[in-house]
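K.L.:
model the structure of this input:
(one chain, ligands or ions: 1)
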Amino acid sequence: MAIKPVLKMGEPLLLEVARKVDRFNTPELDGLIQDMQDTMAALDGAGLAAPQIGVSLQVAIFGFEENQRYPDADEVPFTILINPKLTPLAEDMEDGWEGCLSVPGMRGVVPRYSQLRYQGFDQHGNTIDRKVDGFHARVVQHECDHLQGILYPMRMTDFQTFGFTDVLFPG
Ligand code: NI
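P.N.:
Modelled structure (predicted):
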């Protein structure tokens with residue numbers, strides 16, 4: 001078990017396009033995923049991407065039953081998603097609040113596709129193929145953006161909604 005430091009916005013590695021995983025069931029990949037799970041759990045995150053702990057590989061994890069950071073969000077099944085491909089299923093975008101462990105203490109409203117299909121692999125190389133909407137779709141887009149070097153403020157369109165969590169949501 002290892003809780004890793006999470007890189008913060010401003011770190012160049014967070015802006016890189018991550019490499020695809022080409023071998024599954026290796027000790028390196030298993031160790032990376034374990035570190036990501038430990039780190040996400042320790043920080044009560046809704047998701048985490050490998051670049052956030054300094055590894056530029058296309059691996060993301062997300063999911064929760066209940067999350068203190070997002071108390072109103074619907075449950076999202078815990079998922080390990082590798083080499084993802086996203087396909088929007090409708091053109092409409094939905095605004096919603098987001099935060100990020102790499103942008104600590106802040107929140108902003110981000111437009112995201114409301115429905116999408118995501119495909120990829122789990123840690124054993126098994127195929128994942130799901131159609132989702134709502135907060136599940138939002139989390140997937142946020143985490144997959146990390147693998148393309150994109151942080152949520154780069155997706156914002158209304159910076160008047162960008163601020164510190166304790167000021168935006170007092171009490
Ligand atoms: Ni994030």
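K.L.:
can you list contacts of the biggest strand by length in the chain?
P.N.:
Secondary structure assigned by DSSP state E gives strand 76-88 as the longest strand of the chain. Judged by C-beta atoms under 8 Å, 6 or more residues apart in numbering, the contacts made with strand 76-88 from elsewhere in the structure are 20-21, 24, 33, 46, 58-64, 113, 115-123, 128, 135-136, 139-141, 143-144, 147. No exception for glycine: its C-beta is placed from N, CA and C like everyone else's.
K.L.:
give the buried subset of these as a PyMOL selection command.
P.N.:
Selection command for PyMOL covering only the buried members of the contacts of strand 76-88, criterion 16 or more other C-beta atoms under 10 Å:
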select buried, resi 21+33+46+58+59+60+61+62+63+64+113+115+116+118+120+121+123+135+136+139+140+141+143+144+147
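K.L.:
tell me the secondary structure for the one residue sitting closest to the centre of the chain?
P.N.:
Most central in the chain under C-alpha atoms, centre = their mean is Glu143, positioned 2.4 Å from the mean C-alpha point. Per DSSP: H, G, I helix; E, B strand; the rest coil, the secondary structure class of Glu143 is helix.
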